Structure formats: C-alpha cells, structure tokens
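In: Fold the following, please.
(one chain, ligands or ions: 1)
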Amino acid sequence: MATIIDGKALAKKVNAQTQERVAKLKKQNITPGIAVVLAGDDPASLIYTRNKHKKAIKLGINSILKKFPADVSQEELLAEIDRLNNDDSIDAILVQQPLPAQIDPETITSAILPEKDVDGLNPLNLGKLYANQRGNYPVACTPRGIMRMLTEYGVDLEGQNAVIVGRSILVGKPLLALLNNANATVTMAGSKAVNLPSLTQNADILIVATGTPSLIKQTDVKPGAVVIDVGINRLSNGKLVGDVDFENVKKSAKAITPVPGGVGPMTIATLMEQTVDLAQWRHHG
Ligand SMILES: Nc1nc(=O)c2c([nH]1)NC[C@@H]1CN(c3ccc(C(=O)N[C@@H](CCC(=O)O)C(=O)O)cc3)C=[N+]21
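Out: Below you'll find the predicted structure:
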C-alpha cells in the first residue's frame, strides 16, 4: 500500500513558517499584501479566491479582492493591473484563471510587474525558470508546492523518469522546467499522445494535471511509482476527485497524493509563502 502524501498536513507546516515570517516582517513595519483579481462568476473560482483571502488574513497578510463582471473589457483589467503594479502596499498580484473569452491571458500576465508576479506566469519569470537562472524569482505555486512535497517525502529526482500528463502554462510547463532543473529525465504528454499508457508506465514519478476524472488507472502506473494528482473534478454527485483512480492506484504505487487534501492545500500554502518571498525581495533584495 502506498504512502499517502498528506498535502494538508504539509500545508499546515508551511503556513506556520509563513506566519512566523510575516510576524518578523511586521516588526520592520512591512506587511505583505496580495491582490487577487477575479473576472466573472465561475463558482469554483469564487471558492478558491475566497479560500485564498481567508488564509492570507489568518497568516497576517493583507489581502484585497478586485472583482469584475464577466463582460469586463481588457482595457479595464489592464488599468487595474497598472494601479496594483504602482501600489506600494501590494507585493503580489494574482489574476485568477480561467479568464472570460474576450480577455487574452498572455496580455494580462505580461502586464503584471515581474516583481509582483506571484503566479510566475510573466514571460520574464518563466524564461528565468527555463534558463535555470540563480537568484530570486517567483515560480507558479502549484508546481512549486509539488516540488516541496517531493522534497519533504524524500523522493529522489536525479536521473529518474518523470512523466507529466498535461501541458498547461499554470502547471505542466513550469513543472517541466523544475523537474528538468532537478536533473530528472522529463517527458511531457498532452491529450494527443499516441500511446499514453506506454509513457505513464515508464514513470518513476507521474504527475497528472488534465482535469479528466479517472484518466489514470492502476495498469497505467509502474508498481513503486510516486503519483502526484493535480486534477480537481467535481462529479455530478458532488464528490471531488482527481485525475487518478486513487483507490486502485494506491495498491501498487509507492506514494500518492489524495484529492482533496493533496496538491490543492499546498498550492494555497505556497501562494502565501511566495507572497512573503516577494515582499522580502522587494524590500530587502
Ligand atoms: N491564476 C491562478 N492561479 C492559481 O493558482 C489557480 C488559478 N488561477 N485558477 C484555478 C486553479 C485551481 N487552484 C486551486 C487551489 C487550491 C485548491 C484547494 O485548496 N483544493 C482543496 C479542496 C477545495 C474544495 O473543496 O473545493 C483540496 O484539494 O483539498 C484547489 C484549486 C488554483 N488555481
């Protein structure tokens, strides 16, 4: 039976560290601040942004939520980002995805000041990550949280076969760079992969981020593999499941993340951690 990678417990530990760092910064009259920009009324996005706001307040981080109607124009959003870029009380800007169809996500992420880009999606930060540059720059929170989980659970990456299923800019692409920078042999597959099981069966570390419930079955996974499930799917019966058939895969995997209680809580904890990083870097370099 696999070790269950407890994202909730690890998130608690990370949050406790963040809370202490916030307290220290406050003694220097610095209060980290995050702004979350939400366009439209997608119910899942509303829940996430509310959870982020609550967590920030709990840790002593200032948090503001800027809500726009679904028919907001790109100019209005860009004007808001410009205001937040120039607001000295804001260290971190997150524009919740997905955005309404009339908004070009690349234009938005490119407009966020790289120093305040808590999602790590600005091309400058993504480029630094791909170039494996040293120094301080933000990295997408879900991938960074996953790397933290792998480290905390002692998962060896060097020379190992890591397979990522899903190619999104928020998860797959940054993970590709992070795992590559950690000297893993990385394969990235999308939905067009000709023989997906032949790829996933080769993975020592399998990371799945597609949004397809039960895409990955026990027979798709090498016995002894470490499985990270990034999927969050709400079934019609209200149940929340990932992209991996958890109950069966856990029988032969070495370690696996549950949904809920795995990658999700670590994403929020990493978002808070990186907000404090950005505040520190901006004030102290
Ligand atoms: N610009 C941007 N940055 C993001 O980081 C971003 C985004 N847009 N858009 C949507 C996705 C999704 N996301 C989640 C964060 C936490 C949970 C989370 O805490 N999940 C809980 C369960 C929550 C529930 O019950 O619904 C868990 O897995 O245990 C889930 C999903 C961040 N995202």
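In: Point out the residues in the stretch 151-285 of the chain that sit beside the ligand.
Out: Within reach of the ligand by CB under 6 Å from any ligand atom, the stretch 151-285 of the chain has these residues: 170, 232, 240, 259-261, 264-265, 267-268. For glycine as for every other residue, the C-beta is placed from the backbone atoms N, C-alpha and C.
In: Looking at those, which is nearest residue 219?
Out: Within those, proximity to residue 219 (CB to CB) peaks at residue 259, which comes in at 20.0 Å.
In: returning to what we had before: format the residues of the stretch 151-285 of the chain next to the ligand as JSON lines; extra columns: secondary structure and neighbour count.
Out: Below are those laid out as JSON lines (DSSP: H, G, I helix; E, B strand; the rest coil; neighbours: other CB atoms under 10 Å):
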{"residue": "170", "secondary structure": "coil", "neighbour count": "22"}
{"residue": "232", "secondary structure": "coil", "neighbour count": "20"}
{"residue": "240", "secondary structure": "strand", "neighbour count": "14"}
{"residue": "259", "secondary structure": "coil", "neighbour count": "22"}
{"residue": "260", "secondary structure": "coil", "neighbour count": "14"}
{"residue": "261", "secondary structure": "coil", "neighbour count": "17"}
{"residue": "264", "secondary structure": "helix", "neighbour count": "24"}
{"residue": "265", "secondary structure": "helix", "neighbour count": "22"}
{"residue": "267", "secondary structure": "helix", "neighbour count": "25"}
{"residue": "268", "secondary structure": "helix", "neighbour count": "22"}
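In: Pipe these into CSV and attach pLDDT per row.
Out: Converted to CSV, those look like this (pLDDT from 0 to 100):
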residue, pLDDT
170, 96
232, 95
240, 95
259, 98
260, 97
261, 98
264, 97
265, 97
267, 98
268, 98
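In: Any idea how many residues pack against the residue of the stretch 101-250 of the chain found nearest the ligand?
Out: At 4.7 Å from the ligand, residue 119 is the closest residue in the stretch 101-250 of the chain, using CB to the nearest ligand atom. Around residue 119 there are 24 other residues, counting by other CB atoms under 10 Å.
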